[in-house]
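A.B. asks: Predicted model and sequence follow; I will ask about them next.
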Amino acid sequence: MDVLKKNIGILRSQDPILAAQILQVPGGTLSIHPAKSGMPTALVNSRYLHSAYDPVREAGRWAEERVKDCQAGETIVLLGVGLLYHVEALRQMLPHDQNMMVVVPDLSEFADCVSVRSLEGWGERLMWVTGSITDMAVQVTQKAKRVRILSYEPAATVHHDLYEHFRLQLRDHLAQGLSGTLHIMVIGPIYGGSLPIARYVVNALEGLGHRVSWVDHSPHYSGYQNLDTIRDHRLRLTVQQRMSETLAVISLAHVAEDPPDLVLALSQAPLTMAVLEQMRRKKVLTAMWFVENFRHLTYWQQMVSGYDFWFVMQQAACLDAFRKAGAKQVSYLPLAADPAIHQPMILTQGAQYEFGADVSFLGAGYRNRRQILPSLLVGQGWTFKLWGNEWDNPGPLAQVLQRGGARIDTPTSVKIFNATSVNINLHSYTGDGFDPEGDGVNPRTFELASCGAFQVVDARTLLPPLFDESMMAVINSPDQLLPTVQTYLHEPARRVAMAELSRKRVLEAHTYGHRMRTFLGAVGMASPDRLGAILQGDRTAESLVARSGQSPELIPMLQKFLPTDRVELVDVAKDIRKKGPEARLNREELLILMMDEYRQEKRDFL
């Protein structure tokens, strides 16, 4: 009882509301037992949260490993409470003035802890984060600029889902406060569905104020296509592989010439494991946005350890598969639309005649679509147009296939969406009907919505959090397609209202600008000492001047830049070199030039 009384006194001086709450909760969440060492240890559901032998020693080893990553100026946010042995050990190893916050998801568990473990001598230098998930995320962002999250897994696992939601909330809150600028290199594929997405990503990042280097490999597509003239299958694959490896080295050359803070690759970007390893050796962070179905395209399994960050359009089984395969950081990031491109438009009479239809479908000729779409042909008294490529041997659909099955570019697709009364959006599947494991939402869903176009879409498990059924018609089986189309063709006002709601939803939450903020928030939170510091504005001239109190000789060099300019060593060196070869330089200027020369010598990527 003396332990609890003293701890309540400590908590009352830090957070009177929390202290009062602890006195009112019943406790009993943790099962407390003595460890072999004599110190108390805890169990939940017969599983130990700390060592059954020596919890103090175990916590010390844990803290010794984690403290290596902690940097000055960071606020340490710790997930996992238990009996706080790990918190005490880390607190004692960190500098006295470094902020440390402990996220407390369960007051009953915390009450059990403070009943048996004294906070005296170290708990006074902690901040406790409590409340709803949103409240806790807000508390952290209000008190911390740069955050490093550490997780003590034995105790954190008890509240796994809550902590995962907290991470996401914290990421999004931190993303809203990003003010610094990065140099991001975007590497796209030679061709395919992720190529236009790469272009949207470039536009979004530039719109957020970042410097973007776009490595566009699409000009090499004609040469890649020409390799199809090699008749021998094995020889053709070998040459295609060699070409991809060459493009990977070209990408590396771009990185070497103008090293970015971060390389972002889109699905099927021609980067090899050898090139990714070379980037890692040169401390270049890499990320992949895998905008494919992980079950259908499995090349990620060979590449999973090559990237520092993976972002995927599916959840649950996808995230588990990537983690089990060795992905260091993997996060859910759904697709989006670019409202500057995917927007409502008024068509000319000629364009309306060419592209207009009561019902249309745009997409490739996957098996399920070939099976389902003919139901729209049978004497329904409406016009139906089919657009897209890979419709060889289309069978009965030949009568509605437009442009001979030519590939449709983005500007044309926007016209089709706007000219159609009911747009059909069936996710691709190589089997019959709808994919029984259908989860990820395709880009067409967002693009149609952004155009203010009405759509009928097949159900996906990840669709409801993105759009609800007031915004689009959702069907659960192929036999619902025909009656749903019949219903909505006769309700134009309802179609318009739903399409307007879907467009509003895109503008509020589903643009590529939103996605890139989320992406950068996640990357910055995972690397607070590198990208996080830049994104928080720690590299601006104004910030650097403010931190130059112990090196005032740097201030005149930094004040030559605008306060909001991001300033790096290379920028200061470049400004010094403008003085010319005959200029008399002071000691600090000479040191800057020497460091920059060393930096350039170490930039031997190739």
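C.D. replies: Done, it's in.
A.B. asks: what residues does the worst-scoring helix or strand of the chain on mean pLDDT touch?
C.D. replies: Within the chain, judged by mean pLDDT, DSSP states H and E, the helix or strand with the poorest mean is helix 587-601; its value is a mean of 81. Applying C-beta atoms under 8 Å, 6 or more residues apart in numbering, the contact partners of helix 587-601 are 553-554, 557, 569-570, 572-573, 576-577, 585. (Each C-beta comes from the backbone N, C-alpha and C, glycine too.)
A.B. asks: can you redo the residues you listed as JSON lines with secondary structure and pLDDT?
C.D. replies: Formatted as JSON lines, the contacts of helix 587-601 follow (DSSP: H, G, I helix; E, B strand; the rest coil; pLDDT from 0 to 100):
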{"residue": "553", "secondary structure": "helix", "pLDDT": "83"}
{"residue": "554", "secondary structure": "helix", "pLDDT": "84"}
{"residue": "557", "secondary structure": "helix", "pLDDT": "86"}
{"residue": "569", "secondary structure": "helix", "pLDDT": "83"}
{"residue": "570", "secondary structure": "helix", "pLDDT": "84"}
{"residue": "572", "secondary structure": "helix", "pLDDT": "88"}
{"residue": "573", "secondary structure": "helix", "pLDDT": "87"}
{"residue": "576", "secondary structure": "helix", "pLDDT": "88"}
{"residue": "577", "secondary structure": "helix", "pLDDT": "89"}
{"residue": "585", "secondary structure": "coil", "pLDDT": "86"}
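A.B. asks: Are any of these buried, and if so which?
C.D. replies: 554, 557, 572-573, 576 (16 or more other C-beta atoms under 10 Å).
A.B. asks: Considering those residues, which is situated nearest to residue 8?
C.D. replies: Ranked by distance to residue 8 (C-beta to C-beta), these are led by residue 554 at 48.4 Å.
A.B. asks: And the furthest pair within the buried ones among the contacts of helix 587-601?
C.D. replies: Within the buried ones among the contacts of helix 587-601, 554 and 573 form the most distant pair, 12.9 Å apart (C-beta to C-beta).
A.B. asks: Tell me the secondary structure of residue 466, please.
C.D. replies: When classified by DSSP: H, G, I helix; E, B strand; the rest coil, residue 466 comes out as coil.
A.B. asks: ok, it - contacts?
C.D. replies: Neighbour list for residue 466: 334, 441, 445, 505, 510 [criterion: C-beta under 8 Å, 6+ apart].
A.B. asks: Using ChimeraX, define a selection of the buried residues within those residues.
C.D. replies: Buried residues among those (16+ other C-beta under 10 Å), as a ChimeraX selection:
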select :334,441,445,505,510
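A.B. asks: and the contacts of residue 466 as TSV, adding distance to residue 101 and pLDDT?
C.D. replies: Output for the contacts of residue 466, formatted as TSV (distance: C-beta to C-beta, whole Å; pLDDT from 0 to 100):
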residue	distance to residue 101	pLDDT
334	30	98
441	35	98
445	38	98
505	34	98
510	32	98
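A.B. asks: Take the contacts of residue 466 and write them to CSV, including secondary structure and distance to residue 485.
C.D. replies: Below are the contacts of residue 466 laid out as CSV (DSSP: H, G, I helix; E, B strand; the rest coil; distance: C-beta to C-beta, whole Å):
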residue, secondary structure, distance to residue 485
334, coil, 26
441, coil, 21
445, helix, 17
505, helix, 22
510, coil, 25
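A.B. asks: need the longest helix for the protein.
C.D. replies: Counting by DSSP state H, the longest helix found in the chain is helix 233-257.
A.B. asks: Can you list the strands that the helix or strand following that one pairs with?
C.D. replies: Counting by DSSP states H and E, the element after helix 233-257 in chain order, helix or strand, is strand 262-266. Taking DSSP bridges as the criterion, strand 262-266 sits next to strand 183-187 (parallel), strand 285-290 (parallel) in its sheet.
A.B. asks: can you tell which of the ones you listed is closest to residue 5?
C.D. replies: Closest to residue 5 of those, according to C-beta to C-beta: strand 285-290, at 49.0 Å.
A.B. asks: if we can go back for a sec, make a markdown table from the strands paired with strand 262-266 and add mean pLDDT and distance to residue 434 to it.
C.D. replies: Output for the strands paired with strand 262-266, formatted as a markdown table (pLDDT from 0 to 100; distance: least, C-beta to C-beta, whole Å):
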| stretch | mean pLDDT | distance to residue 434 |
| --- | --- | --- |
| strand 183-187 | 97 | 33 |
| strand 285-290 | 98 | 22 |
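A.B. asks: Take those and lay them out in TSV including mean neighbour count and distance to residue 233.
C.D. replies: Converted to TSV, these look like this (neighbours: other C-beta atoms under 10 Å; distance: least, C-beta to C-beta, whole Å):
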stretch	mean neighbour count	distance to residue 233
strand 183-187	23	28
strand 285-290	24	27
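A.B. asks: looking at those, which is closest to residue 431?
C.D. replies: strand 285-290 (21.8 Å).
A.B. asks: Can you show me the helices along the stretch 351-500 of the chain?
C.D. replies: Under the criterion DSSP state H, counting those that start in this stretch, the stretch 351-500 of the chain contains helices at 367-372, 410-419, 443-450, 481-489, 492-509.
A.B. asks: Check what contacts stretch 497-516 and list those residues.
C.D. replies: 200-201, 203-205, 207-208, 333-339, 344, 446, 448-455, 466-467, 470-473.
A.B. asks: are any of those buried, and which?
C.D. replies: Taking 16+ other C-beta under 10 Å as the criterion, what is buried in these is 200-201, 203-205, 208, 333-339, 446, 448-455, 466-467, 471-473.
A.B. asks: and the residues you listed, which of them are in strands?
C.D. replies: 455, 473 (DSSP state E).
A.B. asks: Contact partners for the most centrally placed residue in the chain?
C.D. replies: Residue closest to the mean C-alpha point of the chain, counted by C-alpha atoms, centre = their mean, is residue 519 at 3.5 Å. Contact partners of residue 519, counting by C-beta under 8 Å, 6+ apart, are 264, 287, 289, 311, 333.
A.B. asks: and the angle from the helix or strand it falls within to strand 262-266?
C.D. replies: Using DSSP H and E, residue 519 sits within helix 512-526. In terms of direction (axes from the mean of the first three to the mean of the last three C-alpha atoms, to 10 degrees), helix 512-526 departs from strand 262-266 by 130 degrees.
A.B. asks: Going forward, the N-terminal residue is numbered 44.
C.D. replies: Right, with 44 as the first residue, what we last looked at is helix 555-569.
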